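Engineer: coords please:
(2 chains)
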Protein chains: 2
Amino acid sequence: MQKPSIPKGTRDFSPEEMAKRNYIFNTIREVYHLYGFQQIETPAMENLSTLMGKYGEEGDKLLFKILNSGDCFSGITDEELSERNAVRFGMKACEKGLRYDLTVPFARYVVQHRNDIAFPFKRYQIQPVWRADRPQKGRYREFYQCDGDVVGSDSLVNEVELIQIMDEVFRRFGIRVCIKMNNRKILSGIAEIIGEADKIVDITVAIDKLDKIGLDNVNDELRSKELSEGAIARLQPIIMLKGTNREKLAILKKELAASEIAMKGIAEMEFILDRIEKLELTADLELDLTLARGLNYYTGAIFEVKALDVQIGSITGGGRYDNLTGVFGMDGMSGVGISFGADRIFDVLNQLELYPVDSLKTTQLLFVNFGEKEENYLLPLISKVRAAGIRTELYPESAKMKKQMGYADTKKIPFVAIVGENEINEGKINLKNMLTGEQSLVTLEELIERF
Amino acid sequence: MQKPSIPKGTRDFSPEEMAKRNYIFNTIREVYHLYGFQQIETPAMENLSTLMGKYGEEGDKLLFKILNSGDCFSGITDEELSERNAVRFGMKACEKGLRYDLTVPFARYVVQHRNDIAFPFKRYQIQPVWRADRPQKGRYREFYQCDGDVVGSDSLVNEVELIQIMDEVFRRFGIRVCIKMNNRKILSGIAEIIGEADKIVDITVAIDKLDKIGLDNVNDELRSKELSEGAIARLQPIIMLKGTNREKLAILKKELAASEIAMKGIAEMEFILDRIEKLELTADLELDLTLARGLNYYTGAIFEVKALDVQIGSITGGGRYDNLTGVFGMDGMSGVGISFGADRIFDVLNQLELYPVDSLKTTQLLFVNFGEKEENYLLPLISKVRAAGIRTELYPESAKMKKQMGYADTKKIPFVAIVGENEINEGKINLKNMLTGEQSLVTLEELIERF
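Structural biologist: Here you go, the predicted structure:
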C-alpha cells in the first residue's frame, strides 16, 4: 500500500504550527475588534457565476471547479463532449467553484444581505482561499487570507484607522515594519500630465529601479517603453522624488498642479498625514510612488507593509476602491480594505523567533501513571487541578517511566507530577520542573498556586 | 442582473452568528486544551484515493470532486467519454475531493506524520466538511465538525476523560444533558447469545421503541425481522432492562454470562463507571443498550449526548475503534474519539437563549462625529481608549445624529460618546448609556474606568 499524501500545494498543520497560526489570527482578530470590525464567514464553494470573470482570464483558469454531483453530463451533447474543450466543458459540468479570494465573496455577501447590514459595514474575514497556481516555494494552492474592509463610507478616516490597525498588529507581533502609501489618483495625474495614460505601470516599475540601476538606466528603460523624450523630461523631478513625505508632497503639488485628479490625490494624502502625525504610530508611514498594486481596482489610497528585518515581499496590502459591488448590480458601494498575509507573517515571526512563549503553551502539567491504584487516586485530584484552569494530563497507561518522561519531553510539557504510594500516604505531590530538573514536594493547593 | 446567491445547502454567517459560533468553538477548544489535546488542521482537498472507499458506496457518491485543472480530458479516450458514465469519468477527470469528515484525513495525517507525533496522540480538529447530500432542514452541504481523539492508547482512562470533556463542555454551555453510553462488545454478546449475529441493528431499533409501543409490539417487530421465538424469549430480560446503571449491569452479567465478549464489554463499562462515580459529573451518565451508532466502526464504548430541554437528535457522539489507520497500511492504531455537533449545539443555545451577553460583545463605545474639528480632536483621544482595551469606533462621517444613533442601535453598541465644542472646551466626554438613556459628563480617565 502506498504511503498516503496530500495534493501538491496544500499543507497539514501540526500542533506547533497551529499554535503559531492561532497566535497570528488571534492577534489580528483582537485588533480588528478594537476598531469595531465584525467577523463574517462565507461558504468555501461559490456559484461559478459569482466567481467567473472577476479575476481576469488568467484568474478564471486558476479557479478550482467542483464537478456537479449526480450526472455531470446532463445538458451536454455528444458533439460538445467530442470537442474535448476542457474550459467549455468545465463551465457546463461544474456549477460551483472554490473561492479564489475573500473580496468577491464579500461583495456578493454585501449585495445579498444589504438589508440586514448596518452601513458603514466594518467586516473582517479570516478564511482559506484556493488557487490552481503552479505550487512553488512560499506559494500554496490553499492559503488563508485575513481581510478587513469598511464599505459604505467615503471618509478618509477609514484609511487613517486602517493604518492604525496595521501599525498596531505589527507592534503586537514585534515586527519592525514600514507602512508604504501611494494614491492611485496621483499616479493617474502623472500619466495625465505626461500624456501617457496607459503607461502607469511601466513608469512605476522603472522608477522603482532607481536605487539599483541609477537615473540614466531608468530613463533608458522608459525610452524602451516608448515614452517620448518630452514625457521623460517631465518625469525627472518625480523619478528623483526624495525627502520627507511633506517634502515629496510639496514637489508633487508643484509638478502636478495642472492635473485636477493629482491634486485630489495629494489632498487625500495630506488629510491622512495630518491625522497620522498626531497618532504616535510605531511604524514609519512612507509616501512611495512606486507602489502600484491593484491598479485596475484601487481608486484612492494604496497600502503595502514591508518588514524591515527580513528579506521578504509585502506582508500586508490594501487600498481604496470605488465600486465593490457594481459587478453584482449594486452601484455606489465604495470602500477601503487591507489584507494581512498570514503565511508570510508566519515566516517572518519564525525567522525572527518572535513567538511569545505563552502563545506556544501546550499541556502545563503531566501526571505520571504508576498503575490502577494511583490512577484512581489521581483522577479526582486532577479534576481539581483542571478546575483551576491548569492544562493537565494523566498519562493514560502505567508505561515505563522513561516512556512517560519522553512523552513530556516531546510535547514540551514544563512540569511533571510524580505521585506514588509514598506521596499518596503523605497527601503530597512531587512536582518536577522539566527544565531545571528541580523537584519539590507540594500539597494540591501549593501546586495550583505555582501555576 | 440577477441577485447573487450561494450554492444550496451552504450558508453565510453574519457577524452575530459568527460571534455565537466563535463562542461555541472557543468553549470546546478551551476544554480540549485543559485535557492536553492539541489542534491540527488538514487541507480542504484530499486526494480522491485517500477518500474513496472509506464511506461505503453511498458515501463515495456524496464526495464533492474537484475537476482537474488544465486538461481534464487528458488520459480519457473518446470511447470512455462517449459512455457518459459520470462516476467513472469523475474518477479519471478528478484527482482531488473535498473532505467528507475529519476522521479519514486524521487517519491519513497520523500515518503520514507518524515519526513526528508523540503517542498517545491527543488531537482536536475544528474544520468544515462537505457532503453532496440532498439539503434539508438542519442538514447542510458544508458544516463544521469538532472532533477530539486519542490514538495510540488502549487505556479506558481515555474514555473516562472524554466523558469528563463532554460533561464540562455542556456544563459551560449551561445545556442540561444526559450522556448515554453503550458498548459494542455487549451488543455483540447479545447477538452471540441469541444466535443472531447479523440482527444487532434490528434488535436495538426494536428495543428503542419499548416506551412508545409497548412490549408486545416490540416482540412482534422482532418476529417480523425473523428472529426465532427462542431468541425473542432470551431477549426479554434485556428488552425490559431497567434501573440504575449498576442494576442493569448486574442483569446483563447474569443473562450474558456465557458470552466472553459481552463480559469483556461489561468489565469495560464497570471500569468507566467506577471512576466516573468519583468525579462529580454535572450530567447523568446512562447505560443505554439502544445506542447503536457506528456499529461497523466502533469496537468498544459508544457515546451519545442528548439535550434534556430541547427536542433534537444527538448533539455529540463518539466511541472506541480498533484500527484507525489500517486502511492506510499502518495497523494497531486504536483510539477513542468524540465529535461535537456544532450546528445542533448552535440551535440548542438559540432555543434556550443561553449565550452569555459577553460572548456577543461587539463595539462597546461609539464616538459621534460632528465634523472635521471634532474628528481631529477625537482621533488621538480614541487611540487612548483603545489602548485601554475598549472596543471603540468613531463614526467615520459627520452624518446626521439620527443616522449615527441608528448605527449604534443596529450594531447594539451599549455606549455612545458625544463630544462637541462645549465638551472639547471643558475637556470632558458626554457618555450616553443606550439602554437606560442616562447621560453623564466624564473625563477620559473616568470613561476608561467605567469599562
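
Engineer: Pull the contacting residues for residue A:215.
Structural biologist: For residue A:215, the residues meeting the contact criterion (C-beta atoms under 8 Å, 6 or more residues apart in numbering or on different chains) are A:239-240. C-beta here means a position set from N, CA and C on the backbone, and glycine is covered the same way.

Engineer: Spell out the secondary structure type for it.
Structural biologist: Taken by DSSP: H, G, I helix; E, B strand; the rest coil, the conformation at residue A:215 corresponds to helix.

Engineer: how much space between it and residue A:252?
Structural biologist: In this view, residue A:215 and residue A:252 are 18 Å apart by C-beta to C-beta, to the nearest Å.

Engineer: Next up, the contacts around residue A:227.
Structural biologist: Here residue A:227 is in contact with A:194, A:196, A:199, A:202-203, A:235 (criterion: C-beta under 8 Å, 6+ apart).

Engineer: ok, now residue A:37?
Structural biologist: By C-beta under 8 Å, 6+ apart, the residues touching residue A:37 are A:122-124, A:148.

Engineer: And for residue A:347?
Structural biologist: With contact set as C-beta under 8 Å, 6+ apart, residue A:347 has these partners: A:138, A:310, A:312.

Engineer: nearest to chain B, of those residues?
Structural biologist: Nearest to chain B among these is residue A:138, at 16.7 Å by C-beta to the nearest C-beta.

Engineer: Can you tell me which of the contacts of residue A:347 are buried?
Structural biologist: Buried residues within the contacts of residue A:347, counting neighbours by 16 or more other C-beta atoms under 10 Å in any protein chain shown: residue A:310.

Engineer: what sits up against stretch A:444-451?
Structural biologist: Contacts of stretch A:444-451 (C-beta under 8 Å, 6+ apart): A:364-365, A:381, A:384-385, A:388, A:390, A:415, A:417, A:429, A:431, A:442.

Engineer: no wait, stretch A:57-76
Structural biologist: Looking at what lies outside stretch A:57-76 - C-beta under 8 Å, 6+ apart - the contacts are A:45, A:48, A:51-53, A:55, A:81, A:87, A:89-90, A:92-98, A:100, A:130-133, B:45, B:61-62, B:64-67, B:69, B:84, B:86, B:89-90, B:93-94, B:98, B:132.

Engineer: Now, those that are in strands?
Structural biologist: When DSSP state E defines the strands, the subset of these inside them is A:45, A:94-98, A:130, B:45, B:65-67, B:94, B:98.

Engineer: And those residues, which two are furthest apart?
Structural biologist: Pairwise distances across these (C-beta to C-beta) peak at 18.0 Å, for the pair A:95 and B:45.

Engineer: So the two - more neighbours on which side?
Structural biologist: When residue A:95 and residue B:45 are compared on other C-beta atoms under 10 Å in any protein chain shown, the one with more neighbours turns out to be residue B:45, at 24 against 18.

Engineer: pLDDT value on the more buried one, please?
Structural biologist: At residue B:45, the predicted lDDT confidence score is 98.

Engineer: cool, the one 3 residues further on as well?
Structural biologist: Note for residue B:48: predicted pLDDT of 96.

Engineer: just residue A:1 next, same as before
Structural biologist: Listed pLDDT for residue A:1 reads 60.

Engineer: swap in the one 3 residues further on?
Structural biologist: Residue-level confidence at residue A:4 comes out at 92, pLDDT.

Engineer: I'd guessed it sits against residue B:108; true?
Structural biologist: Yes: applying C-beta atoms under 8 Å, one finds residue A:4 in contact with residue B:108, separated by 4.5 Å.

Engineer: which residues do these two both contact?
Structural biologist: B:50, B:328.

Engineer: neighbour-wise, which of these two wins?
Structural biologist: Neighbour tally, residue A:4 and residue B:108, criterion other C-beta under 10 Å: the higher count belongs to residue B:108, 25 against 22.

Engineer: Name the helix or strand for that one, please.
Structural biologist: Assessed by DSSP states H and E, residue B:108 sits inside helix B:103-112.

Engineer: Contacts for that helix, please.
Structural biologist: Residues lying outside helix B:103-112 but in contact with it, judged by C-beta under 8 Å, 6+ apart, are A:3-6, A:12, B:40, B:42-43, B:46, B:50-51, B:54-55, B:99, B:117, B:121, B:123, B:125, B:147, B:149, B:151, B:324-325, B:327-330, B:333, B:337.

Engineer: if we go to 7 Å?
Structural biologist: A:3-5, A:12, B:40, B:42, B:46, B:50-51, B:54, B:99, B:117, B:121, B:123, B:125, B:147, B:149, B:151, B:324-325, B:327-328, B:330, B:333 (C-beta atoms under 7 Å, 6 or more residues apart in numbering or on different chains).

Engineer: for the stretch 151-300 of chain A, what spans make up the strands?
Structural biologist: Counting by DSSP state E, counting those that start in this stretch, the stretch 151-300 of chain A forms strands over residues A:177-183, A:284-287, A:298-307, given from the N-terminal end onward.

Engineer: With mean neighbour count and distance to residue B:451 as new columns, can these be given to me in TSV?
Structural biologist: Supplementary listing: the strands of the stretch 151-300 of chain A in TSV, determined by neighbours: other C-beta atoms under 10 Å in any protein chain shown; distance: least, C-beta to C-beta, whole Å:
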stretch	mean neighbour count	distance to residue B:451
strand A:177-183	22	29
strand A:284-287	18	29
strand A:298-307	23	30
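
Engineer: now the ones you listed as JSON lines including distance to chain B and mean pLDDT?
Structural biologist: JSON lines is the format used below for these (distance: least, C-beta to the nearest C-beta, whole Å; pLDDT from 0 to 100):
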{"stretch": "strand A:177-183", "distance to chain B": "16", "mean pLDDT": "97"}
{"stretch": "strand A:284-287", "distance to chain B": "14", "mean pLDDT": "96"}
{"stretch": "strand A:298-307", "distance to chain B": "14", "mean pLDDT": "96"}
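
Engineer: got CSV for the ones you listed, with distance to residue B:320 too?
Structural biologist: As requested, those are arranged in CSV below (distance: least, C-beta to C-beta, whole Å):
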stretch, distance to residue B:320
strand A:177-183, 50
strand A:284-287, 58
strand A:298-307, 48
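
Engineer: hmm, back to that, what would the contacts of residue A:37 look like in a markdown table with secondary structure?
Structural biologist: What follows is the contacts of residue A:37, written out as a markdown table (three-state DSSP):
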| residue | secondary structure |
| --- | --- |
| A:122 | strand |
| A:123 | strand |
| A:124 | strand |
| A:148 | strand |
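
Engineer: Among those residues, name the buried ones.
Structural biologist: Members of the contacts of residue A:37 that pass the buried threshold by neighbour count (16+ other C-beta under 10 Å) are listed as A:122-124, A:148.

Engineer: From residue A:40, how far out is residue A:32?
Structural biologist: Taking C-beta to C-beta as the measure, residue A:32 falls 12 Å from residue A:40.

Engineer: More neighbours: those two, which one.
Structural biologist: Neighbours were tallied for residue A:32 and for residue A:40 using other C-beta under 10 Å; the higher tally belongs to residue A:32 (26 against 23).

Engineer: Helix or strand: which one has that one?
Structural biologist: helix A:15-34.

Engineer: Pull out the buried positions in that helix.
Structural biologist: Using 16+ other C-beta under 10 Å as the test for burial, helix A:15-34 gives A:15-25, A:27-29, A:31-34.
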